[in-house]
Each structure stands twice: as structure tokens, then as C-alpha cells.
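Student: sequence first, predicted model second:
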Amino acid sequence: MNTDTKHLLAGMSMPLIDPELLSDIVATAGDICLMVSAEGQVSGVMVNPHHASFGRLGGWIGRPVSEIMTSESYQKFQTRVADLAKPGVRSVAVELNHLDEAVSEFPIRYTMHAIDKDKAILMLGRDLRPIAEMQQQLVMAQIVLERDYETQREMDTRYRVLMEATRDAVVLVAMNNGRIADLNASAATMLGGSRQELVGAAIAQEFEGRRRGEFLESLSTIATTNAVSPVELVARRSQRKLRVIPKLFRAAGERLMLCRIEATDQGARQQNETSENLERLFHEGVDAMVLLDDDGVITAANDAFLKITDSTHVANVRGRSLADFLARGGVDLRVLMDNTKRARQLRLYATKILNEFNGQVPVEISATYLNDSPKPTFGLMIRDASRTEILRRTDMSTGADGMRSVMELVGSSTLKDIVAETTEVVEKMCIQTAVDLTRNNRVAAAEMLGLSRQSLYVKLRKFGLLAKDE
């Protein structure tokens, strides 16, 4: 089937149409009709009588087209006029924005027809304002929807943070099926399971000797009557005695029950209080505290450790080896870990901590090896020893017995003999200190002093620091 207008009207003889009738046909063929002369001026304006929202546009007659369009639309108009001038092109389509005193700006879709007789242009237009308004409404609806989604995500984040930050054990139960809709970590611990295991489980099955219907009915009765006495239960997984305090509410048409769970045994409450106090001590303590895994990697550190190392955030130290912050690096770490593993405890190990700017702070480290858990952990207490170091240096500078002994040699021995003797004394003191620090670990002591193992044994024999059977 051919729908081409030229073929459709080929066999028809068009009768002559009265000019007034033709004018009405052209006016009603579109919402607005413009006749533009070859000089680019509006020579005629017709508005569809059934579409009177444009008002009266008679003031456009005689004005240049550039004055009734936006600058971008006028450029598009000139481009389409040039297209009409090409051979074989009788009509083109274009969307233009008009400017008017009554209406600030309105879009029109035109079909432009070239009239060969006087090279004028007939423009038949359709009002695009309803489409533009619909598009604007869709955009506004999309913006409102995005805002609603953002608000919902924000509220969900607040809800999650509140659930995990609160110290109370909280469980949300859907009343239509009696299953756990959500719970926080404290509630999961009391019930003896993980959050992934408990979400979706029947709440009645988590307690000993309770049926679903009976259990929900009793909780609903307590919640609706605002009874003070809670329900005392025994958790099936953890076998702990618990008290459940329910509260009914409705959200989005669904009935939910908020169950606050408390431990009835005094020991559990005291244990929770002790755990909370220890956690606060870890984070707010004056001395630096660090937890290491079995490889010497930092798993946790408090603010005092961040201050002593000049670190900005705990993320900057977590996951790094403690050797990065020790003056003697891996040697200090190996001595610490080996001696702590062997004796389970190490007291007042003297070394220096390196901060982020390569500064050194004298410290004393006490360590404890915690191997009762599946993942063994080293707990370190690091105390700033800067004041002790200053006092020690002051005492040494005020005159020690060794210094007076050296001064007494002046006059009775040559300078060469005095230097040789004092050098041996200092060397013996350094070797003795390294051996004491490493708890008689000869390999670590040699690395600490920068000596080979054989050289260390030679000096130990020289100064009589070896047992007779060694």
C-alpha cells in the first residue's frame, strides 16, 4: 500500500477553494501559522481559533523574524531556510522558541514550506508547550523521587548506626509470621548466634519450651497492657537466662514488635560492665596500648599510641608491622615476641619508638602473650620514658663512679692506656646490656650490636661473660 501524497492525489482533480476557506484550512491545520517574506519579515500571522492560548499575535506582522525568536532558534531558522533553497526540497521541519511580551518563551514545532511564486515561506506550527510541561513534570517527579530515595537511604543509615551503637540488645519481630526481622550485635550475642543466622528465624524457636502462637500472644498481651513485668526466658543457643521487654508498633501498615533483651544473671551484667570499662580504658588510657597478631602486625591501637607515633588515624597504623615503629626494627620485634612467647610476659623492655617524622621517643614496653583464643595475640603496654631518660642522663652527668675512676687514672697512666681501658669497660657494658635485653638470646644480641655471632662469642669469652661449659 503506497501512502505517498503525490500518488494518492494523482488521479484526483482538486476543486478550486475559496480564499477565505483556504485561509481557515491553513489556520486550523496547525496551532499557529506564519508567512515569512523573502526579506525575512513576518507578512502574516494566523492563530488556530480552537487554540487561543497564544493570545493576539498581530504585533508580529512587519517585524523581522529575528525579533520574535531566541538567538539560538534564529540560527536554526536560517539553517533550515538554506536547506529549503536546495533543489528538490519543498518542506523541512524545525523546532523554534518564540519570544513574546505576553508569554516569555514558548516552543513551536514548524513545517516550513517554500512558495515558488514570491519565494516566501509558509510555516505551519504545533504548540510544544503541553509536551514541554509534561517533560518538566516528569523531571520534577524524578527529582522528588531521587530525594525520597536519598532520604530513605539516610534514614536507613541512621537506623543501622543506632542499632549497632546502642548497648541495649534489640530484636525486631514481624507479627504476621513471628520471625525475626532484624537485630543488633548485642542481641545476637545474648541469643548465642550470628546476625546472619538469626534474621528470618522464628523468635519462639530461640527460647526453650515456647510455641510460636503462645509466645507471640503472651508478648502481645504484655505490650498492649503496658505491663511492667517482662517475660523471663532461657535462650536455646546460649542457655542464658534472659528477660524480654516487648513493645508493639506499626510501620508502613505492618505490625512489628520491638523486643529489648536483658540478662537476668548478675554475673553477666558485671561481665558486660567490666568489658565496657576495659574497652574505655583501652581507648582513653594514658599509656599507649597495641595488639599484635602472631606475625607482629598491628591489629588495634589506642589514641595514646597514635600520639606517641604522630599518626593521624588508626587506619594509618593498623595492618603495619610494629617493626616500622621500633628504632632497631625487626631486631626489637623479634626479641619482644620470642621472649614474650617463652615466658608469656615481658616487663620494661627499653627501646625507642620512631614517629612518622623519624623522631625517636624513649619507651619501656611490657608485653603479654594471649594464646587462649583461636588467634594468638600480643598485648603491648608502651610507656613514654623520656623523663626517666633525662633523669638518668642527669645522674650520669653529675658524676658516676666510673667517671671518677677514669679521672683518677690521669697522671698515673698514659692517655693511650686510659683510652684502651675505658674502651674495654664501655664495650663490656654494651655487650652485657644487649645480652640482658635479649634475655640471653645470642643471635638477637649480635644483630642488635651489629656483630657476627662468632665475634660476639669471642668478646663474651674475653670479658668472662660465658659459662665454663660454653
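Tutor: Great, that's in hand.
Student: could you look up the SS state of A223?
Tutor: Using DSSP: H, G, I helix; E, B strand; the rest coil, the structure places A223 in helix.
Student: who touches it in this structure?
Tutor: 246-248, 257 (C-beta atoms under 8 Å, 6 or more residues apart in numbering). Any C-beta I mention is one placed from the backbone N, CA and C, and that applies to glycine too.
Student: cool, E427 as well?
Tutor: 459, 463.
Student: what comes up buried for the helix or strand where it lies?
Tutor: Element membership of E427 [criterion: DSSP states H and E] is helix 415-437. With burial defined by 16 or more other C-beta atoms under 10 Å, the residues of helix 415-437 counted as buried are 428, 431, 434-435, 437.
Student: so which of these is the closest to R280?
Tutor: Set against R280, the nearest of those by C-beta to C-beta is L437 (33.3 Å).
Student: the helix holding E427: how far from the chain's middle?
Tutor: Relative to the centre of its chain, helix 415-437 is centred 57 Å away, using C-alpha atoms, centre = their mean, to the nearest Å.
Student: what angle do the helix or strand just after it and helix 415-437 make?
Tutor: Going down the chain from helix 415-437, the next helix or strand is helix 442-449, by DSSP H and E. Orientation check (axes from the mean of the first three to the mean of the last three C-alpha atoms, to 10 degrees): helix 442-449 against helix 415-437 gives 130 degrees.
Student: what sits up against helix 442-449?
Tutor: Outside helix 442-449, the residues that reach it (C-beta under 8 Å, 6+ apart) are 328, 331, 334-335, 338, 430-431, 434-435, 437-438, 452-453, 455-457.
Student: burial measure for G209, as a count.
Tutor: When counting by other C-beta atoms under 10 Å, one arrives at 10 neighbours for G209.
Student: do the same with L172
Tutor: 19.
Student: sec struct for it, please.
Tutor: L172 is classified as strand under three-state DSSP.
Student: what's the helix or strand that contains D182 in contact with?
Tutor: Under the criterion of DSSP H and E, D182 resides in strand 179-183. Here strand 179-183 makes contact (C-beta under 8 Å, 6+ apart) with 163, 169-174, 191, 195, 198-203, 206, 256.
Student: mind listing what's buried in the helix or strand that that strand is followed by?
Tutor: Using DSSP H and E, the helix or strand that follows strand 179-183 towards the C-terminus is helix 185-191. Using 16+ other C-beta under 10 Å as the test for burial, helix 185-191 gives 186-188, 190-191.
Student: which other helices and strands contact helix 185-191?
Tutor: Packing partners of helix 185-191 (3 or more C-beta pairs under 8 Å, 6 or more residues apart in numbering; DSSP states H and E): strand 169-174, helix 195-198, strand 254-263.
Student: could you give me the average pLDDT of the shortest one?
Tutor: This points to helix 195-198. Average pLDDT, helix 195-198: 88.
Student: what's it packed up against?
Tutor: strand 179-183, helix 185-191.
Student: just send those back as JSON lines, with distance to I61 and mean pLDDT too.
Tutor: Shown next, in JSON lines, are these (distance: least, C-beta to C-beta, whole Å; pLDDT from 0 to 100):
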{"stretch": "strand 179-183", "distance to I61": "71", "mean pLDDT": "92"}
{"stretch": "helix 185-191", "distance to I61": "78", "mean pLDDT": "88"}
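Student: hmm, back to that, out of the contacts of helix 442-449, which is nearest to P64?
Tutor: R328 (88.3 Å).
Student: so the closest one makes contact with T351?
Tutor: Yes - counting by C-beta atoms under 8 Å, T351 is a contact partner of R328 at 6.6 Å.
Student: who's more crowded, these two?
Tutor: Between R328 and T351, counted using other C-beta under 10 Å, T351 has the larger neighbour count: 22 against 17.
Student: related to what we said a few turns ago, okay, the angle between the strand holding D182 and strand 254-263?
Tutor: Using the same axes, to 10 degrees, strand 179-183 lies at 70 degrees relative to strand 254-263.
Student: quick one: secondary structure of the most centrally placed residue in the chain?
Tutor: Centroid-nearest residue in the chain: T157, 11.2 Å away (criterion: C-alpha atoms, centre = their mean). Recorded secondary structure, T157: helix (three-state DSSP).
Student: any idea of the pLDDT on it?
Tutor: For T157, pLDDT reads 88.
Student: same question for the one 4 residues further on.
Tutor: Predicted confidence (pLDDT) for V161: 87.
Student: what about it, which helix or strand?
Tutor: Assigning secondary structure by DSSP H and E places V161 in helix 129-165.
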